[in-house]
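Novice: Predicted coordinates and the sequence they were generated for:
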Amino acid sequence: MNVRGRVVLMGSAVAACTTLAGCNLFSGGGVPGGTVPGGPVSGAPAAAPARPTTGGWPWRGTPPIEPRGAAAPTGLRAMDDYQLGRILVDNRGRAVYRYDRDSPNPSVSRCVGPCAQTWPPVLWKPNLSITGVDPTRVGRIRRPDGTVQVTVGGWPLYHYSEDSSPGDQNGQGVNNLWFVARPNGTKAQVPGGSGAGAVPGG
């Protein structure tokens, strides 16, 4: 076959391919661009994700699992409460708590399992903004499930599942162990106040 004949045949093949879905003019078995059916297997990503930043805090080891759910606020801030004084809340105005059975030095959370369902940990995010808190007092710890919990003054921070609206402080004094946190990590207390009833996490 002469050169002109080969060119005519190739041109015909190209024209035919444009009318047929899935035609691949190139060998090698490559997958066309777009979504790959099935995607990567869970727990075995096809490519390493971008490493999250830590907002100036050094992070060593495996990057933390991405926070999820209502316990992953985008910010924490200090605010003045008419009864408790200066306290710590999240960006939605929800009170943030600390647990007296935890340890600040070293930072250890002893609220796991059912306790963590009643008292969801405040989870760290790479873009977490913090206002009105000394940044040197802010830290984080890795929990058994791989998530990373925010600490202030060494104390791990939590929400209370019974707080449904901004300004709620239903967890204050529960079991005489749970207290709204101040911006320095200490507990906020009303002089002479008594603890609330017993709930999981006592």
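Specialist: Right, received. Where do you want to start?

Novice: the bottom helix or strand of this structure by mean pLDDT?
Specialist: Every helix and strand of the chain was ranked by mean pLDDT, DSSP states H and E. The lowest is helix 3-17, at a mean of 46.

Novice: helices or strands next to the next helix or strand after that helix in the packing?
Specialist: Sequence-wise, the next helix or strand downstream of helix 3-17 (DSSP states H and E) is strand 75-81. If contacts are counted by 3 or more C-beta pairs under 8 Å, 6 or more residues apart in numbering; DSSP states H and E, strand 75-81 sits against strand 85-90, strand 129-131. In short, each C-beta sits where N, CA and C put it, glycine included.

Novice: Single out the most deeply packed of those.
Specialist: strand 85-90 (a mean of 20; mean count of other C-beta atoms under 10 Å).

Novice: what about dumping the CA coordinates of that strand to CSV?
Specialist: Presented in CSV, the C-alpha positions along strand 85-90 are these (Å, rounded to 0.1, in the frame of the first residue of the first chain):
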residue,chain,number,x,y,z
GLY,A,85,-17.4,35.7,83.5
ARG,A,86,-14.9,35.1,80.8
ILE,A,87,-15.5,31.8,79.1
LEU,A,88,-14.6,29.8,76.0
VAL,A,89,-17.1,29.2,73.2
ASP,A,90,-16.9,27.9,69.7
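
Novice: what angle do it and strand 75-81 make?
Specialist: 150 degrees (axes from the mean of the first three to the mean of the last three C-alpha atoms, to 10 degrees).

Novice: Please list the outside residues in contact with strand 85-90.
Specialist: The contact list for strand 85-90 (C-beta atoms under 8 Å, 6 or more residues apart in numbering) reads 73, 75-81, 95-96, 122, 133, 152, 157, 159, 166, 180-183, 188.

Novice: tell me the contacts of the nearest residue to A78 once chain neighbours are set aside?
Specialist: In space, and not counting its chain neighbours, A78 is closest to G132: 3.0 Å by C-beta to C-beta, 6 or more residues apart in numbering. If you count contacts by C-beta under 8 Å, 6+ apart, G132 has them with 77-79, 183.

Novice: Which single one of those residues is nearest to C111?
Specialist: Distances from C111 to these, taken as C-beta to C-beta, are shortest for P183 (20.9 Å).

Novice: Please give me every residue in contact with the closest one.
Specialist: 78, 86-88, 132-134, 152.

Novice: what two of those have the greatest distance between them?
Specialist: I87 and D134 (15.1 Å).

Novice: roughly how far apart are V133 and V150?
Specialist: V133 sits 10 Å away from V150, going by C-beta to C-beta, to the nearest Å.

Novice: same question but for Q189, I mixed them up
Specialist: Q189 sits 21 Å away from V150, going by C-beta to C-beta.

Novice: Which one's more surrounded, these two?
Specialist: V150 (26 against 14; other C-beta atoms under 10 Å).

Novice: on that earlier part again, which among the contacts of G132 count as buried?
Specialist: Buried residues within the contacts of G132, counting neighbours by 16 or more other C-beta atoms under 10 Å: 77-78, 183.

Novice: List just the nearest of the residues you listed to V108.
Specialist: Of the buried ones among the contacts of G132, the one sitting nearest to V108 (C-beta to C-beta) turns out to be P183, at 21.1 Å.
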